[in-house]
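**Student:** structure of the sequence below:
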Amino acid sequence: MIARRAIQEAPVLPDQAAYHAQQAAETALKAFLSLSGTPFSKTHDLVLLASMGQEQAPGFDQFVAAAQLLTPYATQFRYPGSPIELEVAEA
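**Tutor:** Alright, predicted model coming up:
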């Protein structure tokens with residue numbers, strides 16, 4: 001919800017949209033792993049988490065590409081002078 005608002009309402013904040021999308025995906029993956037009883041370490045690596053999910057549910061392979069795209073946004077925008085500048089279309 002907040003990710004969508006960050007690109008639909010002024011001021012437009014594509015970096016915040018990407019960050020919150022990553023956080024939502026991370027929370028969902030960790031919730032799935034917790035529910036399935038799969039232990040995981042503290043990480044923001046969505047590829048790792050999605051791979052762990054694949055072991056529990058083969059359909060998780062569809063999430064790996066999204067995980068690769070979203071993982072960098074866990075930390076890239078948390079500090080001023082971010083190395084990545086996003087356009088609204090990318091977010």
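**Student:** show me the shaky parts of the chain.
**Tutor:** 1, 76-87, 91 (pLDDT under 70).
**Student:** at the geometric centre of it, which residue sits there?
**Tutor:** residue 22 (2.0 Å; C-alpha atoms, centre = their mean).
**Student:** so which bits of the helix or strand where that one lies are buried?
**Tutor:** Using DSSP states H and E, residue 22 falls within helix 14-35. Within helix 14-35, the residues that qualify as buried are 14-23, 25-26, 29-30, 32-33, counting by 16 or more other C-beta atoms under 10 Å. All C-beta spots, glycine's among them, are computed from the backbone N, C-alpha and C.
**Student:** show me where this protein has strands.
**Tutor:** Taking DSSP state E as the criterion, the chain contains no strands.
**Student:** hey, where'd the helices end up in it?
**Tutor:** 2-8, 14-35, 46-56, 61-70 (DSSP state H).
**Student:** put the alpha carbons of the first one into CSV.
**Tutor:** Coordinates of each C-alpha in helix 2-8 appear next as CSV, following Å, rounded to 0.1, in the frame of the first residue of the first chain:
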residue,chain,number,x,y,z
ILE,A,2,2.7,2.5,1.0
ALA,A,3,4.8,1.6,-2.1
ARG,A,4,1.9,2.4,-4.3
ARG,A,5,1.2,5.7,-2.6
ALA,A,6,4.8,6.7,-2.9
ILE,A,7,4.5,6.8,-6.7
GLN,A,8,0.9,7.9,-7.0
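**Student:** which helices and strands does that helix pack with?
**Tutor:** helix 14-35 (3 or more C-beta pairs under 8 Å, 6 or more residues apart in numbering; DSSP states H and E).
**Student:** adding distance to residue 88, write the helices of the chain out as CSV.
**Tutor:** Rendered in CSV, the data for the helices of the chain read as follows (distance: least, C-beta to C-beta, whole Å):
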stretch, distance to residue 88
helix 2-8, 5
helix 14-35, 5
helix 46-56, 22
helix 61-70, 16
